[in-house]
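Novice: Quick one, structure for this:
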Amino acid sequence: MAKQERALRTRHAILSSAARIFEERGYQAATVSEILASAGVTKGALYFHFPSKEHLAEGVLHAQDLGVPIPDRPSKVQQMVDTVFLHAHRLQNDPMVRAGVRLSLDQQAQGLDRSGPFLRWSEVGTELLDKAKAQGELLPHVTSQETADVLVGSFAGIQAMSQALCNYQDLPQRVAALLRHILPSVVVPSVLASIDLTATRGATVYTELQTLHPDLQTPTPETTPQPAPTH
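Specialist: Alright, predicted model coming up:
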């Protein structure tokens, strides 16, 4: 058991270092040597867990998956909204998630399959919207997959804008504005009136998950992004 725990700690240290370097330098510029030096592990230990830089990047990309589900909500639209706000909260506070999102949008990442996160988020959204439609929460014209794709693509643009302007400091507010603009064309008005779209929703959901899953890691102040410097 001790050996397994040591291996898990080593893997996490490697991924954390890779995430930091990928976020700072991008996929093409990052080197395995830099990641080795940052993680403080041997080349053998790194290649035991990740045979290549591409495998390292894939590990960081997959870190966007929280691993614990949002509890079922009576309203599937609220559950979808909670999923979006939670991802925004994690992106704002978790360097691993930030690095995964940067890799997802890195058009210079030659040879790296960046489609995984987009496809997974679209699948999550489609499933929730299908359930919402079955419950009569959506307008008749809505196609679940099309709406999910619009949400995923729009979120990608909103977070990129927030990162460029203020290093994610206003991301919850931008996400709230995005949902306020999109949902009226998708959701039945009587349902929409009951949906919580406050910008603090992501933090509320994360706190709820911490109560249900005490082992869920709490981001430390050091991992919270600071406002981008102005020149």
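
Novice: tell me the mean pLDDT over the helix ranked longest in the chain?
Specialist: Across the chain, the longest stretch assigned as helix under DSSP state H is helix 2-29. Per-residue pLDDT values across helix 2-29 average out to 86.

Novice: what comes up buried for the helix or strand following that helix?
Specialist: Scanning forward in sequence from helix 2-29 by DSSP states H and E, the next helix or strand is helix 32-39. Using 16 or more other Cβ atoms under 10 Å as the burial criterion, the residues of helix 32-39 that qualify are Val32, Glu34, Ile35, Leu36, Ala39. Using the backbone N, CA and C atoms, a C-beta is placed for each residue, glycine as well.

Novice: Helix 32-39: what's the following helix or strand?
Specialist: In the C-terminal direction, the helix or strand that comes right after helix 32-39 (DSSP H and E) is helix 43-49.

Novice: now the longest helix of the chain: how far from the chain's centre is it?
Specialist: Averaging C-alpha coordinates over helix 2-29 and over its chain gives two centres that are 17 Å apart (Cα atoms, centre = their mean, to the nearest Å).

Novice: helices and strands around whatever helix or strand Asp82 lives in, which ones?
Specialist: Remark: Asp82 resides in helix 76-93, with elements defined by DSSP H and E. Secondary-structure packing of helix 76-93 (3 or more Cβ pairs under 8 Å, 6 or more residues apart in numbering; DSSP states H and E): helix 95-105, helix 115-134, helix 144-166, helix 171-182, helix 201-212.

Novice: Just the angle for the first one relative to helix 144-166, thanks.
Specialist: To tie it back to what came earlier, the one meant is helix 95-105. 110 degrees (axes from the mean of the first three to the mean of the last three Cα atoms, to 10 degrees).
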